[in-house]
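Asks: Whatever this is, show me its structure:
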Amino acid sequence: MRANRLLAVTVLSVLGMTGVVACDPEDDGSGDAAASVGASAPAAAKSPAGAPNGLEKLTVPEILTKAREVGSKLTSVKFTVAYESDGEKLSGTASADADGDCAGEFTRDGKGKVEVRRTGGKLYLKPDADFLNAFVPAKAATLKGKWLSDGSADGGRFGPMCDLGLSLQKTIGVQQDGTPDERGTKGDTKVLDGVKVVTVDLNEGQDGDTPEIASFSLEGKPYLLAVDGGAEASMGFSDFDKPVKVTAPPADQTVSGDGLLDG
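Replies: A predicted model of the protein is given here:
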């Protein structure tokens, strides 16, 4: 499978394998990788202002190469994600840096939300009451208002969510096996949330011609600002290279959560 459907494969590879979307006790998650997905596109936030970079004059492979070059050097990024599988919607926002620190919040429609912090190689999760009642009802009362610590830094399900933003910035135009796949069709220039961008349909002529529109900044560095997968998944990016400040929750508000949210 090519990485473009880039966004769908990236999100599915993380969320599907970790079972974030399908983590009901009644659902073993076995069908996630082939799930049909749909989401509304999050807006890309305004990137730092800069001089025109001339990206619109380049070919698609050149655009993707330059975006990967700046993406691979990012020290941090903030991202929003919207994803849907079998009618279950997952959305969230997080900031993460190259050292692994992360802070964000993810919501599963109708089943609550989880605040996430990762720092010092340790992950902390704070599910709200709705989430606890949906997934660990027997322990909901005792865990309410608590942070669950996970020594693996992966949290079984939620740790990999932190890595979505930087991962996509580095892999635009790359297949799952790491080889280049720079097909696509350059589209119009436009303004996205106040920033001039050039668009590329990463999926032109592929997979039933469903568009997957990537938007790249024409101001300053050629950052990937958004990918709109339409009926599959969408992400937006902002706060490039801004420090991510994460503090561990107070010890008296933290309990061991190893395995609790692993399904």
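Asks: all helices for the stretch 51-200 of the chain, in order.
Replies: Using DSSP state H, counting those that start in this stretch, the helices of the stretch 51-200 of the chain run over residues 60-72, 129-135, 140-143, 164-171.
Asks: Could you say which of those helices is packed most deeply?
Replies: Compared across the helices of the stretch 51-200 of the chain, helix 164-171 shows the largest average neighbour count, a mean of 22 (mean count of other Cβ atoms under 10 Å). In short, each C-beta sits where N, CA and C put it, glycine included.
Asks: taking the mean pLDDT, what do you get for it?
Replies: Mean pLDDT, helix 164-171: 91.
Asks: now for that helix, which elements pack on it?
Replies: Identification of packing neighbours for helix 164-171 by 3 or more Cβ pairs under 8 Å, 6 or more residues apart in numbering; DSSP states H and E yields helix 6-11, helix 60-72, strand 76-85, strand 88-97, strand 224-228, strand 233-238.
Asks: May I have the fifth one as PDB, with CA atoms only?
Replies: Listed next in PDB are the C-alpha coordinates belonging to strand 224-228 (Å, rounded to 0.1, in the frame of the first residue of the first chain):
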ATOM      1  CA  LEU A 224       3.000  21.100   5.500                       C
ATOM      2  CA  LEU A 225       0.100  23.000   7.000                       C
ATOM      3  CA  ALA A 226      -2.800  20.600   6.400                       C
ATOM      4  CA  VAL A 227      -3.900  17.400   4.800                       C
ATOM      5  CA  ASP A 228      -7.600  17.000   4.000                       C
END
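Asks: does residue 96 really touch residue 169, like I thought?
Replies: No. Counting by Cβ atoms under 8 Å, residue 96 stays clear of residue 169, with 10.7 Å between them.
Asks: shared neighbours, those two?
Replies: Common contacts of residue 96 and residue 169, defined by Cβ atoms under 8 Å, 6 or more residues apart in numbering, comprise residue 77.
Asks: what about residue 99, how many neighbours?
Replies: Residue 99: 14 surrounding residues under other Cβ atoms under 10 Å.
Asks: Now do it, the pLDDT please.
Replies: 94.
Asks: per-residue confidence for the nearest residue to residue 239 once chain neighbours are set aside?
Replies: For residue 239, ignoring the flanking residues on the chain, the nearest one in space by Cβ to Cβ, 6 or more residues apart in numbering is residue 78 at 3.8 Å. pLDDT for residue 78: 96.
Asks: how much space between residue 78 and residue 223?
Replies: Distance of residue 78 to residue 223, computed by Cβ to Cβ, to the nearest Å: 12 Å.
Asks: can you check residue 213 too?
Replies: 15 Å.
Asks: same question, residue 140
Replies: 41 Å.
Asks: Kindly report the same for residue 75.
Replies: As judged by Cβ to Cβ, residue 75 and residue 223 stand 13 Å apart.
Asks: More neighbours: which of the two?
Replies: Taking other Cβ under 10 Å, residue 75 and residue 223 do not tie; residue 223 has more neighbours (28 against 13).
Asks: Quick check: phi and psi on that one?
Replies: Phi and psi for residue 223, reported as degrees, to the nearest 10, are phi -70, psi 150.
Asks: That one is in contact with residue 237, isn't it?
Replies: Yes. Using Cβ under 8 Å, residue 223 is in contact with residue 237, at 6.8 Å.
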